[in-house]
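> sequence-free structure coming up:
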């Protein structure tokens, strides 16, 4: 239902709506609210004077106190009940001015007595004020739709206003309706609204008479086709991946856990089984480890605040690792560990954090952002501390091996020291030899330096003489004359080459005009068209010749076929796959195969044989 249709105005006269207009489509038939029979308590009598608009009722006082831009009170609120009662005030509550016999504004005065019937005026008409019409529409609309469930697509969503309320429109193919979500319901939303999101909203219809606009007051909102928690999980996961808290693009790499922590911080509920399981496994593996426990609720509205506060408090202590844990449960029970406050507190912790939430199949955002994910609280205890008895046994073995290795190393170094001392001998003789060598090298260096200085001085004198002979002014004048001559030769050569190229281009142009391929192309095209027209007839002639040749060859082949001979009463006798041509090729009692026409075969036995020579 459009607001312009309900209040009798056009779309341009309606209050400012969402920038997204409803999609075009067939216009649905709207119920005529003004023509519906109204309840007796909202229909004014014909002789009753118009209600004083200056009269102050509890409903009008509530509307005047409501700030501009804020929707009407919630459905079935006390303000609505007050306005419903104030639609038709009783006679005792009306001002004295309304009880006079003077005609109301907009009604015609009754004709004096004795006036002819044809001069009497038409019946008086009832004129409603805007407030009366709006109240009647409100009383006709709100009781009829106290609770509705609407499906549609979000449009015009701009985020919460200054008071935390959410205003947007819900549309389908042909219409749209304003939706209001008050701050209390908005805080309970698990997912973020955006344009284009399909929602199923449960609520009631409310008409805000100050602005003449009706809207849907949402009491329950859920996305269509997917659960609210699943959508909220995916939205927050995508946001954290974009910010670099989780995923491949994580800005802070996962930190390794200390091998043997001195103190472990635990954030969980003291009444849960997870705390008892964690302590049991922890003290069995390392009875002497210190545990600093922070009690926090692990489910409920205040649980994220307490867990984040516990993480920050433990990070300021001397713990080496922090474990956040709780037992298994449903998605709703584990939702605390999908809250953004908890995830950011784990990411910003300066101490490595282990997440052990639920069972192995339960995955939360806290598991994804933590430095280590443990499938269960017991597994978390096994991950943070080693078994002390095994560690002590390994330490004893390591100490024994280290002592033996040190003994072997000391013995080896002693042998090496003795061998080196034997090779060196008396160090004073080595020092005297080195001193003599140094003195000889110093004398040789002195003599080489003197020779080098004399050679350099002589070279310097020769260079000075050559520089005096080669004046720069003379060399510059010679270079300038040579450059001028070279420039003249280059310019003349370029001009001559340019004239030659121009003449060559002219000759090539004339030759191109004489050898143009256009006449040959036209002749080739003509021959191609002629061949194209003659090709079908030639193909048909060639096919006829091939058919006649094939028929003649088939007739000859058929005449020469041995199967034709079988058709005239002859047969082929074979023995073991070999054709029998003479009687001597078979013996008595041999089995022979006789092939007849049409593929028939006979198997016969030789009873007697006689050759042609015997008959003669």
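Received, thanks. Quick caveat: nothing in here was measured; it's all calculated off a predicted structure.

> quick check: phi and psi on residue 171?
Its backbone dihedrals place residue 171 at phi -130, psi 160, with angles given as degrees, to the nearest 10.

> specify the beta-bridge partners of it.
residue 153, residue 176 (DSSP bridges).

> separation between the residue nearest to the spatial centre of the chain and residue 232?
In the chain, the centroid-proximal residue (CA atoms, centre = their mean) is residue 238; its distance is 7.8 Å. Here the distance between residue 238 and residue 232 works out to 11 Å (CB to CB, to the nearest Å). The way it works is simple: take the backbone N, C-alpha and C, and place the C-beta from them, glycine included.

> which strands and helices sit next to the strand or helix carrying residue 304?
When elements are defined using DSSP states H and E, residue 304 is found to belong to helix 303-315. Other elements packing on helix 303-315 under the criterion 3 or more CB pairs under 8 Å, 6 or more residues apart in numbering; DSSP states H and E are strand 263-268, strand 290-295, strand 321-326, helix 340-347.

> need the winner for burial among the ones you listed.
Comparing the helices and strands packed on helix 303-315 on average neighbours per residue, with mean count of other CB atoms under 10 Å, the densest one is strand 321-326 at a mean of 28.

> okay, now the unreliable bits of the stretch 1-150 of the chain?
Along the stretch 1-150 of the chain, segments meeting pLDDT under 70 span 1-124.

> returning to what we had before: for the helices and strands packed on helix 303-315, which one sits closest to residue 571?
In this view, the helices and strands packed on helix 303-315 are compared for proximity to residue 571 by CB to CB, and helix 340-347 is the closest at 98.7 Å.

> check which element follows that closest one along the chain.
The helix or strand immediately downstream of helix 340-347 is strand 353-357, counting by DSSP H and E.

> and that following strand, how far out from the chain's middle?
For strand 353-357, the distance between its averaged C-alpha position and the chain's averaged C-alpha position is 27 Å (CA atoms, centre = their mean, to the nearest Å).

> tell me the angle of it relative to strand 321-326?
10 degrees (axes from the mean of the first three to the mean of the last three CA atoms, to 10 degrees).

> which helices and strands sit right next to whichever helix or strand comes after strand 353-357?
Past strand 353-357, further along toward the C-terminus, the next helix or strand under DSSP H and E is helix 365-369. Secondary-structure packing of helix 365-369 (3+ CB pairs under 8 Å, 6+ apart): helix 228-243, helix 340-347, strand 353-357.

> in a markdown table: the ones you listed, plus distance to residue 290 and mean pLDDT.
Supplementary listing: those in a markdown table, determined by distance: least, CB to CB, whole Å; pLDDT from 0 to 100:
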| stretch | distance to residue 290 | mean pLDDT |
| --- | --- | --- |
| helix 228-243 | 33 | 80 |
| helix 340-347 | 22 | 90 |
| strand 353-357 | 16 | 92 |
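
> mind listing the strands in the stretch 101-250 of the chain by residue range?
148-155, 166-171, 176-181, 198-208, 213-223 (DSSP state E, counting those that start in this stretch).

> got a pLDDT number for the closest residue to residue 319 other than its chain neighbours?
Distances taken as CB to CB, 6 or more residues apart in numbering place residue 265 nearest to residue 319, at 3.7 Å, with adjacent residues excluded. Predicted confidence (pLDDT) at residue 265: the value is 94.

> what of residue 601?
Reading off the per-residue confidence, residue 601 sits at a pLDDT of 84.

> which residues are in contact with it?
593-595 (CB atoms under 8 Å, 6 or more residues apart in numbering).

> if I look at it, how far off is residue 568?
Distance of residue 601 to residue 568, computed by CB to CB: 18 Å.

> which of the helices and strands packed on helix 303-315 sits closest to residue 442?
In terms of CB to CB, the element of the helices and strands packed on helix 303-315 nearest to residue 442 is strand 321-326, at 67.6 Å.

> and the closest one, what does it pack against?
strand 263-268, helix 273-285, helix 303-315, strand 353-357, helix 377-384.

> buried set for the third one?
Using 16 or more other CB atoms under 10 Å as the test for burial, helix 303-315 gives 303-308, 310-311, 314-315.

> give me the angle between that helix and helix 340-347.
Per the same axes, to 10 degrees, the angle that helix 303-315 makes with helix 340-347 is 20 degrees.
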